[in-house]
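Undergrad: could you work out the structure for the sequence below:
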Amino acid sequence: MANKKASVDTVRTGIEEITTQGDLLYRGASDLERLPKGTSGQTLTMGSSNEPEWVTVADELPTAGSSGNVLTSTGSAWASTAPASSGFTVLGAKIATTSGANVDVTGIPAGVTMVVIGFMGVSLASAGVSLNVQLGTASGLVGSGYMSGTARTRASNHPESWDSTSAFLVAGHSSSNSFTWNGSMILTKMDTTGTDAWVSSHSMYMHTSEETYGGGSIADLGGTLTQLRLRGGGIAFDAGHVNFTYL
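TA: This next block holds a predicted model:
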């Protein structure tokens, strides 16, 4: 009975120590003890010495930020950031190919790994010239180091082919200035160490019975791609338009 009376006395003593609404009673190392109430928003946790304690937990989530942001981890904290690009971005509006011997595109963002050029109804004022593309860096256009080729098939003639070391060929010599090119060229940056290598591929349809196709590469552009030029061999464009998208 003595032990039971002592336990009752201990509980009574512990209860008497709880003087404030929200206080807690817990078993300490040797007796019942009072844990004063925490403040609004605090969390009850177990401390390192096996004693309960109230702690203030930092807000785990960042401010919402802009509409459409996503929650990302920096490795040590959470952040509200704009979502990464999920697809191709149009590099400006379509460009008419109705005059001038060149079509220049500048301001290509750093980090671009693919460029797609679309051709619709593009033609040149004279026959017998090649359509080609040169890449460029902040230092200027690059006119050497390419290994490029294109071939043309016709319904009535044997295939013909052309090659170039000064640009990526898109199409060989047209047999009439009334013919138009329709199709696309894809430029892709290669994953190489220490160099800026690019490769190309294209597929075009010209007039009613001619198709051109081919590809090429440049081992090292010598810097980050920032610009490119569509060329007509010094002959002016006179119809159609092109569109540039990048990834």
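Undergrad: are we agreed that Gly136 is in a strand?
TA: Yes: Gly136 forms part of a strand when assessed by DSSP: H, G, I helix; E, B strand; the rest coil.
Undergrad: show me what contacts it?
TA: Contact analysis of Gly136 by Cβ atoms under 8 Å, 6 or more residues apart in numbering lists Val142, Leu225, Thr226, Gln227, Leu228, Arg229. Just so you know, the C-beta spots here come from the backbone N, C-alpha and C atoms, and that holds for glycine as well.
Undergrad: just to check, Thr150 is in contact with Trp162?
TA: Yes: with contact defined as Cβ atoms under 8 Å, Thr150 counts as touching Trp162 (5.6 Å).
Undergrad: between these two, which is the more surrounded one?
TA: Remark: of Thr150 and Trp162, Thr150 carries more neighbours, 25 against 17, as counted by other Cβ atoms under 10 Å.
Undergrad: for the chain, just list every one of the helices.
TA: Ranges of helices in the chain, per DSSP state H, are 2-17.
Undergrad: how's the protein carved up into domains?
TA: For the chain, automatic domain parsing gives the domain ranges 2-57, 89-246.
Undergrad: just how off-centre is the first one within its chain?
TA: Domain 2-57 has its C-alpha centroid displaced from the chain centroid by 56 Å (Cα atoms, centre = their mean, to the nearest Å).
Undergrad: intersection of neighbour lists for Thr150 and Trp162?
TA: Ser130, Leu169, Gly172.
Undergrad: so who does the last one touch?
TA: Neighbour list for Gly172: Ser130, Thr150, Ala151, Arg152, Glu160, Ser161, Trp162, Thr212 [criterion: Cβ under 8 Å, 6+ apart].
Undergrad: can you list the weak-confidence ranges in this structure?
TA: Within the chain, the set of residues satisfying pLDDT under 70 comprises 1-17, 58-61, 83-88, 91, 155-158, 173-176, 207-210.
Undergrad: again, 80 this time
TA: 1-19, 57-66, 68, 73-78, 82-92, 127-128, 152-159, 172-178, 192, 206-212 (pLDDT under 80).
Undergrad: that older thread, okay, the domains of the chain in a markdown table with distance to Thr63 next?
TA: A markdown table is the format used below for these (distance: least, Cβ to Cβ, whole Å):
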| stretch | distance to Thr63 |
| --- | --- |
| domain 2-57 | 17 |
| domain 89-246 | 27 |
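Undergrad: which of those domains sits most buried?
TA: Among these, domain 89-246 has the highest mean neighbour count (mean count of other Cβ atoms under 10 Å), at a mean of 17.
Undergrad: ok, which of the domains of the chain comes nearest Ser66?
TA: Of all those, domain 89-246 sits nearest to Ser66, with 18.6 Å by Cβ to Cβ.
Undergrad: for that closest one, measure first residue to last.
TA: 5 Å (Cα to Cα, to the nearest Å).
Undergrad: one more: stretch 132-147?
TA: The first and final residues of stretch 132-147 sit 13 Å from each other (Cα to Cα).
Undergrad: now it, how far from the chain's geometric center?
TA: With Cα atoms, centre = their mean, you get 23 Å for stretch 132-147.
Undergrad: stretch 108-125 too?
TA: Per Cα atoms, centre = their mean, the centroid offset for stretch 108-125 relative to its chain is 18 Å.
Undergrad: before we move on, the earlier item: which one of the shared contacts of Thr150 and Trp162 sits closest to Ala236?
TA: Among the shared contacts of Thr150 and Trp162, and counting by Cβ to Cβ, the member closest to Ala236 is Ser130, at 14.5 Å.
Undergrad: I'd guessed that closest one sits against Ser166; true?
TA: No: in this structure Ser130 lies outside contact range of Ser166 using Cβ under 8 Å: 10.6 Å.
Undergrad: to Val70, which of the domains of the chain lies closest?
TA: Here domain 89-246 is closest among the domains of the chain (Cβ to Cβ), at 18.3 Å.
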